[in-house]
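Peer 1: Generate coordinates for the sequence data below:
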Amino acid sequence: MIRDTLSVDAGDVRLAVYVSGPRDATPIVLVHGYPDSATVWEAVRAQLDARYRVIAYDVRGAGASGAPAGRSAYRLERLAADLAAVADATCGKRPFHLVGHDWGSIQSWEAVTDPAFKGRIASYTSISGPCLDHAAAELRGQTEGGSATPGETAKRSRSRPFGSSLRQMLKSWYIVFFHLPWLPEFVWRAGGARLWPLWLRLTERVRPARDPDQLRNAINGLNLYRANFIRTLRRPRARHAHAPVQFIVPLRDRYVGPELSLGLERWLGTYRRTEVDASHWVVLRDPERVAAGIAEFVEQHASGYDDTDPGAAPVTPRAAGV
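Peer 2: Okay, the predicted model is just below:
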């Protein structure tokens, strides 16, 4: 399948966008995570672009896309504006199906919960990337109106295994490290970027092609953490999804615990959650399974949905696969 490369103006940067698949087919937009570029989706794209118009892009600061000068230019609202620019350039006014992995998922929640995108996003598939506002609200024990009542806290705690918060804090050690001054940059420059494929081979059992932009992806992408985590933790917002949501949940994820996708009905309505026996970079290790899960959800919502009911997608947890 022929792949076209576009350069899309997103205001302060230009974004490299990669499009393949039949021109009139249902569009699917794929958003990559950290420290990746859009190339992380290539194996998934190969499974989808015979039937769908598949769009992926290098997020700001990664791959062939431009990098803004300041840290604040990596805030979630700017990342959502990038998605809007890409969708405008590739989908026009047509609704599109959105898929995010890792930081691509984290940043995509901003659009999925922004009323300005209502009617544009036909469905959302999140892989290993929670909404920061939802996670921060859970950590602080908050509801829309402020603190949760004891009954609400007890109800949510029953939906999550005992000790899940502590386990997730231990998994999230790298977030604290990425907030340290100069040390993360030093580690990446001193050999971390060069050894990244080896790390994935040892921990994820995948052999990715070497990314010539790996160091650039890693250094610029630190701003994603530094511009958003502390800010959101201090003041989490009430963010309600306006599109059907499914989670593809790798049970052996060493960075994002499966509990982070539990107990979110008050934000999402009824949603679909599919557990898979996989690790964090499931998009590289098992692209066929990921593509099948995406396609199934897209077909479920291909003919539109009632956008007054974000709970149009049923919860269907399955442990064996997508």
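Peer 1: Tell me where the model's unsure across this protein.
Peer 2: For the chain, the stretches with pLDDT under 70 are 1, 141-170, 303-322.
Peer 1: So Thr274 sits against Leu251, correct?
Peer 2: No - if you go by C-beta atoms under 8 Å, Thr274 and Leu251 don't touch, sitting 10.7 Å apart. Just so you know, the C-beta spots here come from the backbone N, C-alpha and C atoms, and that holds for glycine as well.
Peer 1: out of the two, which sits in the busier spot?
Peer 2: Thr274 (22 against 12; other C-beta atoms under 10 Å).
Peer 1: I'd like to know how many residues surround Ala227.
Peer 2: Neighbours around Ala227, by other C-beta under 10 Å: 19.
Peer 1: ok, now the one 5 residues further on?
Peer 2: Thr232 has 20 neighbours, counted by other C-beta under 10 Å.
Peer 1: and it, what is it in contact with?
Peer 2: Leu76, Leu132, Asp133, Ala136 (C-beta atoms under 8 Å, 6 or more residues apart in numbering).
Peer 1: Check Pro250 too.
Peer 2: Pro250 neighbours (C-beta under 8 Å, 6+ apart): Ile127, Ser128, Pro258, Val276, Asp277, Ala278, Ser279, His280, Val282.
Peer 1: So the second one is in contact with Pro258, correct?
Peer 2: No - using C-beta under 8 Å, Ser128 is not in contact with Pro258; the gap is 9.6 Å.
Peer 1: who touches both of the two?
Peer 2: Jointly contacting Ser128 and Pro258 under the rule C-beta under 8 Å, 6+ apart are Val249, Pro250.
Peer 1: These two: which is more packed in?
Peer 2: Ser128 (29 against 21).
Peer 1: Compute the distance between that one and Leu83, please.
Peer 2: Separation of Ser128 from Leu83 (C-beta to C-beta, to the nearest Å): 18 Å.
Peer 1: how near is the residue nearest to Ala64 when sequence neighbours are not counted to Asp88?
Peer 2: Take Ala64 and drop its neighbours on the chain: the residue closest to it by C-beta to C-beta, 6 or more residues apart in numbering is Ala16, 3.7 Å away. The gap separating Ala16 from Asp88 is 16 Å, by C-beta to C-beta.
Peer 1: Comparing these two, which shows the higher neighbour count?
Peer 2: Ala16 (19 against 14).
Peer 1: Relative to Pro130, how far out is that one?
Peer 2: 27 Å.
Peer 1: ok, back up a step: tell me which of the contacts of Pro250 fall in strands.
Peer 2: If you go by DSSP state E, the contacts of Pro250 have Ile127, Val276 in strands.
Peer 1: between the contacts of Pro250, which is nearest Tyr225?
Peer 2: Ser128 (15.3 Å; C-beta to C-beta).
Peer 1: out of everything not next to it in sequence, what's closest to the closest one?
Peer 2: Val256 (4.6 Å).
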